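*Asks:* Predicted model and sequence below, questions to follow.
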Amino acid sequence: MRSEKRPILFSLFITAATFGIYYVMTRNIENHIGNFGVYIVVLIFSLSVHGIILKEKNSIPLSAVFSLKQRLLLGAVSLSVLCMVCLAFNSSFTLFLLLNLLLALIFFCNILLGENLKHKKNIAAAPGRYALALDRLKQEENLKAEFANFLHDEVLQDLLSVKNMTPKSYRPEIQDIMIETLDNLNVRIRNQMQDYHPVILKTLTLKENLISLIENVSAAFPQRSLKVSFDCPDTLFIAEPYDLLVYRLIKELLTNIYKHSDGTHAWITVSSKKDTVNLSVCDNGSENPLNEKFETNSPLWHKGIFSIKEQISDLNGTMSISDNIPHGVRIEISFLMKGDVSYQYFVS
């Protein structure tokens, strides 16, 4: 009720206004109210659901196909044709009948268009098959290459090392080296698994999961003396799969601070207002090496920052990199949780 008060209040206002107009216009007709109270509930429910589900700005009929000028032109031409037909038949009743039929046809077309867009069947709006297949192939190949590099650099070398030490495993010092190597390999594999698919514990709140993440990242850099301040509401709720995105963003940005910043303090703030998620990560390092590269879209970008930019851009969100005051780097990210995805995971 608190987060969706605008569409609900709008529904109440529209319904009350239309009922007031109807009551005034028909007050001289006997039994003009009748069972109209039933329709009040239906109108409030329908308008509220429509306002909550359709979060896009252009949610009126045919807005996905025609621009505003084209819709106005189409409406003017249609109304002119209807008026000429009514003048030919010399009947004002025909105008209202044809107008309702036209609106019904437009809404029916919009329903069909919405279904096509929902199931990605719109030929005009969707990219070609070849482009989609090529893009998917590139993503799969990049993922396979990254995984192959991890197996070669992090796993295979250690396994070969342990294999070579096996003939001397009777020596206690060799046994200690083998155990230490296998323990380190176990840790790296677990960390890589967490990178590929983070596990957010359902028994903990989102804030507790994020605090645990920050502690794990800090533990991976014992040589760095960095104080991390984390600000997040206890009642923070971010629906799936956006919670995984926030989890990955915090991990990547905090790791970057540990690796590339010479600061002694980092601040992480996460908040969610209505359907907007805001993330701010900053530090007190001596300089901002990313700002110029971010503005000029340089290919020298750090891989993680460039990946974050692409993800936020795909969500129609915003990402800014600026100088922190008095010194350091500030990264601010904001994106919307789409209603259909959020409510889908909330219900399930």
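*Replies:* Noted; the coordinates are in hand.
*Asks:* mind giving me the domain split of this protein?
*Replies:* Under the assignment automatic domain parsing, the domains of the chain span 5-118, 127-197, 202-348.
*Asks:* With mean neighbour count added, can I get the ones you listed in JSON lines?
*Replies:* C-betas here are computed from N, CA, C, even on glycine. Converted to JSON lines, the domains of the chain look like this (neighbours: other Cβ atoms under 10 Å):
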{"stretch": "domain 5-118", "mean neighbour count": "13"}
{"stretch": "domain 127-197", "mean neighbour count": "12"}
{"stretch": "domain 202-348", "mean neighbour count": "16"}
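*Asks:* and the ones you listed as a markdown table, adding mean pLDDT?
*Replies:* What follows is the domains of the chain, written out as a markdown table (pLDDT from 0 to 100):
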| stretch | mean pLDDT |
| --- | --- |
| domain 5-118 | 74 |
| domain 127-197 | 81 |
| domain 202-348 | 80 |
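*Asks:* so where do the helices sit in the stretch 151-300 of the chain?
*Replies:* Taking DSSP state H, counting those that start in this stretch to define them, one finds helices in the stretch 151-300 of the chain at 157-165, 172-196, 206-219, 242-260, 291-296.
*Asks:* Now do the second one: distance to the chain's middle.
*Replies:* So that's helix 172-196. Its chain's C-alpha centre and that of helix 172-196 lie 36 Å apart, by Cα atoms, centre = their mean, to the nearest Å.
*Asks:* what angle sits between that helix and helix 206-219?
*Replies:* Relative orientation of helix 172-196 versus helix 206-219 (axes from the mean of the first three to the mean of the last three Cα atoms, to 10 degrees): 140 degrees.
*Asks:* Ok, the first one next?
*Replies:* Helix 157-165 and helix 206-219 meet at an angle of 50 degrees, taking the same axes, to 10 degrees as the criterion.
*Asks:* Tell me how far helix 157-165 lies from the chain's centre.
*Replies:* Distance, centroid of helix 157-165 to centroid of chain: 44 Å (Cα atoms, centre = their mean).
*Asks:* what helices or strands is that helix leaning on?
*Replies:* Judged by 3 or more Cβ pairs under 8 Å, 6 or more residues apart in numbering; DSSP states H and E, the packing partners of helix 157-165 are helix 172-196.
*Asks:* Taking helix 242-260 as reference, get the angle to the helix it packs on.
*Replies:* Going by the same axes, to 10 degrees, helix 172-196 makes 130 degrees with helix 242-260.
*Asks:* Can you pull out the residues in contact with helix 172-196?
*Replies:* For helix 172-196, contacts defined as Cβ atoms under 8 Å, 6 or more residues apart in numbering pick out 150, 154-155, 158-159, 161-162, 165-166, 168-169, 220, 251.
*Asks:* which one of these is nearest residue 71?
*Replies:* Relative to residue 71, the closest of the contacts of helix 172-196 is residue 251; by Cβ to Cβ it sits at 44.9 Å.
*Asks:* Identify the residues contacting that closest one.
*Replies:* Counting by Cβ under 8 Å, 6+ apart, residue 251 touches 195, 198, 213, 217.
*Asks:* What of residue 227?
*Replies:* 264-266.
*Asks:* and those residues as a markdown table, adding distance to residue 247?
*Replies:* Rendered in a markdown table, the data for the contacts of residue 227 read as follows (distance: Cβ to Cβ, whole Å):
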| residue | distance to residue 247 |
| --- | --- |
| 264 | 25 |
| 265 | 22 |
| 266 | 17 |
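*Asks:* Just name the closest of those to residue 242, please.
*Replies:* Relative to residue 242, the closest of the contacts of residue 227 is residue 266; by Cβ to Cβ it sits at 22.6 Å.
*Asks:* from what I can see that closest one touches residue 283, true?
*Replies:* Yes. Counting by Cβ atoms under 8 Å, residue 266 touches residue 283, with 4.5 Å between them.
*Asks:* Mutual contacts of the two, please.
*Replies:* Common contact partners of residue 266 and residue 283 (Cβ under 8 Å, 6+ apart): residue 257.
*Asks:* Show the subsequent helix or strand relative to the helix of greatest length in the chain.
*Replies:* Of all segments of type helix in the chain, defined using DSSP state H, the longest is helix 92-118. Next in sequence after helix 92-118, counting helices and strands by DSSP states H and E, comes helix 129-150.
*Asks:* so what secondary structure elements neighbour that following helix?
*Replies:* On a contact count with 3+ Cβ pairs under 8 Å, 6+ apart, helix 129-150 meets no helix or strand.
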